[in-house]
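> Fold the following, please.
(chains A and B)
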Protein chains: 2
Amino acid sequence: MHKTSTHLADGRDLIYFDRRDIAREVRPDLRDLGRRPGASEPRFDLRTGDWVVVADHRQDRSFQPTANDCPLCPTRPDRPTEVPAADYEVVVFENRFPALSTPSGLAGTERLSSPVVPPEPLWSASGGGRCEVICFSSQHDASFADLKPDQARLVLDAWADRTDDLSRRDGVAQVYCFENRGAEIGVTQPHPHGQIYAYPYLTPRTSHMLERARAYRSATGANLFDDLVAAEAAAERVVARNDDWIAFVPFAARWPYEVHVYPSRRRRDLTDLDDGERDAFVTLYLDLLARFDRLFDAPAPYISAWHQAPRLEPGAAEFALHLELFTNRRSDTKLKVMAGTEAGMDSFSNDISPEKAADRLREIGG
Amino acid sequence: MHKTSTHLADGRDLIYFDRRDIAREVRPDLRDLGRRPGASEPRFDLRTGDWVVVADHRQDRSFQPTANDCPLCPTRPDRPTEVPAADYEVVVFENRFPALSTPSGLAGTERLSSPVVPPEPLWSASGGGRCEVICFSSQHDASFADLKPDQARLVLDAWADRTDDLSRRDGVAQVYCFENRGAEIGVTQPHPHGQIYAYPYLTPRTSHMLERARAYRSATGANLFDDLVAAEAAAERVVARNDDWIAFVPFAARWPYEVHVYPSRRRRDLTDLDDGERDAFVTLYLDLLARFDRLFDAPAPYISAWHQAPRLEPGAAEFALHLELFTNRRSDTKLKVMAGTEAGMDSFSNDISPEKAADRLREIGG
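Purely as a prediction, here's the structure:
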């Protein structure tokens, strides 16, 4: 993998990832982008201990552009985009309308904690964190499932690179690589891409998992994820596996079709994966995405979310890297909506039994 | 308030609530409903400590019926419904397609805990809890905002009654009264109605709030909610208030337009409210709902969620009754979707500043 770094017209970082060591020509971004948007403001919710980010500059971001004005396609002479190049393999750049932003840059910033008693009841920070966009391909109409294995491998290497780079920076508590796919899941840009969030705080979900993994170790001497994956591997919901990875519908699935993917040997984050594990992941993941494409009349909308250990947290070694892939589609005509019980109480009910979901995902294998 | 209890053809409880002491004629439900659906199955997620309910009989529930076959309208001679009466004021009955169900009834059942080390890694219960439907009016096309104050007061009294009744039953950890309004929020029945969930477990949101309130008391000697509401009352986001209630957009709002409503004197649950507080709530709440109807071109979809103390939990006295009212609509044309950061990490970003949201909600007052 070869990296080439440059900057966009408003100063944002942009990095080309190429499979081979090439001398990529770096062209300048000639657009007049004006000033970068102001800082987002993380605010502390005293009741829950969760940080909520207020980012009101995002209300004006672009919405479902046509291919003709797609900002993620390569630049053409008559149409500049976010990527000032005639073509690219994989490219990562800072989001122009970021949910998380630190206008002066991350250097010297501090991570945000969740104290029982904050300095004041209504407590906030000025900025924090960083959001990046990752384009999986220069082809506007492709999807991740369409990528050739070596292209998907390049994406995985780029995710690992961003995880390593961002994890080492000041003010970053955890790195989250994810893809939202499909208009039904709120995607505003159809070009195949994902996002990378460097949160300045520990997210609620990671925090709760880590807390339980630590308590589980204290109580049993064992690792929670090891025990869980061993139980799932012996159960009836395994969808796919190879020597290095296992994919199953979890026993307590929250979404109509949900698959968790774990490496066979527990890893903390993407940077821990060796060459063989990376290639084996690509094979398994492209197969899973093809199954998701066959679930319904049209390709299923999905969220694909990498859960990684927050390196600097106490007990981070108890965490296990894993991917959660799920769709909010229940059937050809119905979506699962997060309504009163989910959005109000964070309590999920699932109308499709995980065993039936696993059966269906196995049936529609290639 | 006057209650009249009866049963539907398949044995489900149905209760009429009338403003005055009337002798309501109880008609039998003559439908052939067949058997009630099987038990839902709460499953324990070892990683998070959350219970997820698998209820696969719900996949077949009815979807957006027309007024002609609305199951929540009063029965007509040629068209039986869930309510075997020519008319009603407010009626509550057990949901025919419940997310939470205990086929043999709640008596003798146990509440579900969230141990660090469960009996087995993949641990579930057979059934648990109960779901009720509450019809706010017999008028199919009404909405809560259209109710006369005495009708809205009857709904509030019915919520309090259900809270008291269900809280006392075996196997109930907390009672949750809520309304989902609008197709955009997943509502499958347009008839004005809400839902009442008697959870067999503590929901994640309640659990986290209660845990923090207990820790806050230990650390400061004060009540977390008292300190929070005092700070909000002195800040710039108050939308409406009277002697007994205050409504504000919270400092750390997660949704585009979100209002929290607290009684001026801290209460644990709806049953604690006296006559004056109940009447004062109705006045304020109908005003808030009218504002939500004026936010956009069409009435805003919303979730309205009563957070109540789980009576039997240690430290329940630290909890404060409050209502959360919020919409997932950001503008006339845009919805907020729970995508990668919200659905994957439980971490929210909000594109509308809470101060601007409060300004707007004040502007559109009656």
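
> got the residue ranges for the strands in the stretch 101-250 of chain A?
A:130-135, A:174-181, A:193-199, A:238-241, A:245-248 (DSSP state E, counting those that start in this stretch).

> Identify, out of those strands, the most deeply packed stretch.
strand A:174-181 (a mean of 26; mean count of other CB atoms under 10 Å in any protein chain shown). Using the backbone N, CA and C atoms, a C-beta is placed for each residue, glycine as well.

> Would you list the strands that that one pairs with, along with their directions?
strand A:193-199 (antiparallel), strand A:302-307 (antiparallel) (DSSP bridges).

> tilt between the longest one and strand A:130-135?
Right, strand A:193-199. Put simply, strand A:193-199 runs at 160 degrees to strand A:130-135, going by axes from the mean of the first three to the mean of the last three CA atoms, to 10 degrees.

> could the strands of the stretch 101-250 of chain A go into TSV alongside distance to residue B:320 and mean pLDDT?
Output for the strands of the stretch 101-250 of chain A, formatted as TSV (distance: least, CB to CB, whole Å; pLDDT from 0 to 100):
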stretch	distance to residue B:320	mean pLDDT
strand A:130-135	35	98
strand A:174-181	31	97
strand A:193-199	29	98
strand A:238-241	45	98
strand A:245-248	41	98
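
> With residue B:267 as the reference, name the closest of those strands.
strand A:193-199 (35.7 Å; CB to CB).

> Tell me how far that closest one lies from the chain's centre.
Centre-to-centre, strand A:193-199 and its host chain are 6 Å apart (CA atoms, centre = their mean, to the nearest Å).

> And for the residue of the stretch 251-366 of chain A found nearest chain B, the neighbour number?
Using CB to the nearest CB, the closest approach of the stretch 251-366 of chain A to chain B is made by residue A:337 at 2.9 Å. For residue A:337, the neighbour count with other CB atoms under 10 Å in any protein chain shown is 21.

> Identify the residues contacting it.
Contacts here follow CB atoms under 8 Å, 6 or more residues apart in numbering or on different chains; on that basis residue A:337 touches A:328, B:185-186.

> any idea which of the residues you listed has the most stuff around it?
Neighbour-wise, the contacts of residue A:337 (other CB under 10 Å) top out at residue A:328, 24 neighbours.

> Could you pull out the buried residues of stretch A:287-304?
Under the neighbour-count criterion of 16 or more other CB atoms under 10 Å in any protein chain shown, stretch A:287-304 has A:287-289, A:291-293, A:295-296, A:299-304 buried.

> Return it as CSV; C-alpha atoms alone will do.
This file holds the C-alpha atoms of stretch A:287-304, laid out as CSV (Å, rounded to 0.1, in the frame of the first residue of the first chain):
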residue,chain,number,x,y,z
ASP,A,287,-19.8,-13.0,0.4
LEU,A,288,-21.9,-11.5,3.2
LEU,A,289,-22.6,-8.3,1.3
ALA,A,290,-23.7,-10.3,-1.7
ARG,A,291,-26.2,-12.2,0.6
PHE,A,292,-27.5,-8.8,1.9
ASP,A,293,-28.0,-7.8,-1.7
ARG,A,294,-30.2,-10.9,-2.3
LEU,A,295,-32.3,-10.6,0.8
PHE,A,296,-35.0,-8.4,-0.8
ASP,A,297,-36.3,-7.2,-4.2
ALA,A,298,-33.6,-4.5,-4.1
PRO,A,299,-30.2,-4.5,-2.4
ALA,A,300,-30.7,-4.1,1.3
PRO,A,301,-29.8,-0.8,3.0
TYR,A,302,-27.3,-1.5,5.7
ILE,A,303,-25.0,-0.2,8.4
SER,A,304,-21.6,-1.8,8.6
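
> chain center to that stretch, what's the gap?
Worked out by CA atoms, centre = their mean, stretch A:287-304 lies 17 Å from the chain centre.

> same check, this time on stretch A:355-366
24 Å.

> do that stretch and chain B meet?
Yes. Using CB under 8 Å from any CB of the partner chain, stretch A:355-366 comes into contact with chain B via residue A:356.

> as a whole number, average confidence for that stretch?
Averaging pLDDT along stretch A:355-366 gives 94.

> hmm, who's touching it?
By CB under 8 Å, 6+ apart, stretch A:355-366 touches A:236-240, A:248-249, A:253, A:256-259, A:287-288, A:290-291, A:294-295, B:56.

> Mind doing that once more with 10 Å?
A:235-240, A:247-251, A:253, A:255-259, A:286-288, A:290-295, A:326, A:350, A:352-353, B:54, B:56, B:59 (CB atoms under 10 Å, 6 or more residues apart in numbering or on different chains).

> What's the separation between residue A:304 and residue B:235?
Between residue A:304 and residue B:235 the distance is 39 Å, computed by CB to CB, to the nearest Å.

> can you give me phi and psi for the residue nearest to residue A:207 when sequence neighbours are not counted?
By the measure of CB to CB, 6 or more residues apart in numbering or on different chains, the closest residue to residue A:207 outside its immediate chain neighbours is residue A:114, 7.5 Å from it. Per-residue torsions, residue A:114: phi -130, psi 70 (degrees, to the nearest 10).

> what's the distance between residue A:114 and residue B:347?
In terms of CB to CB, residue A:114 sits 12 Å off from residue B:347.

> the more surrounded of the two?
residue B:347 (28 against 16).

> Quick check: that one touching residue A:208?
No. Using CB atoms under 10 Å, residue B:347 makes no contact with residue A:208, being 11.8 Å away.

> joint contacts of those two?
residue A:202.

> okay if I get the strands of the stretch 101-250 of chain A as TSV plus distance to residue B:89?
Output for the strands of the stretch 101-250 of chain A, formatted as TSV (distance: least, CB to CB, whole Å):
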stretch	distance to residue B:89
strand A:130-135	52
strand A:174-181	45
strand A:193-199	50
strand A:238-241	51
strand A:245-248	50
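
> ok, now which ones touch whichever residue of the stretch 151-300 of chain A sits closest to chain B?
For the stretch 151-300 of chain A, the residue closest to chain B is residue A:186, as judged by CB to the nearest CB, at 2.9 Å. Contacts for residue A:186 (CB under 10 Å, 6+ apart) come out as A:180, A:301, A:303, A:328, B:334-340, B:342-343.

> list the contacts for the residue nearest to residue A:207?
Neighbours of residue A:114 in contact, by CB under 10 Å, 6+ apart: A:44-45, A:48-51, A:201-202, A:204, A:207, B:212.

> Find me the pLDDT at it, would you?
Residue A:114 is given a pLDDT of 95.

> still on that earlier bit, quick one: secondary structure of the residue of the stretch 251-366 of chain A closest to chain B?
Secondary structure for residue A:337, judged by DSSP: H, G, I helix; E, B strand; the rest coil, is coil.

> For it, give me phi and psi.
Backbone torsions of residue A:337, given as degrees, to the nearest 10, read phi -110, psi 140.

> how close does it sit to residue B:206?
From residue A:337 to residue B:206 the distance is 21 Å (CB to CB).

> Cool, thanks, talk later.
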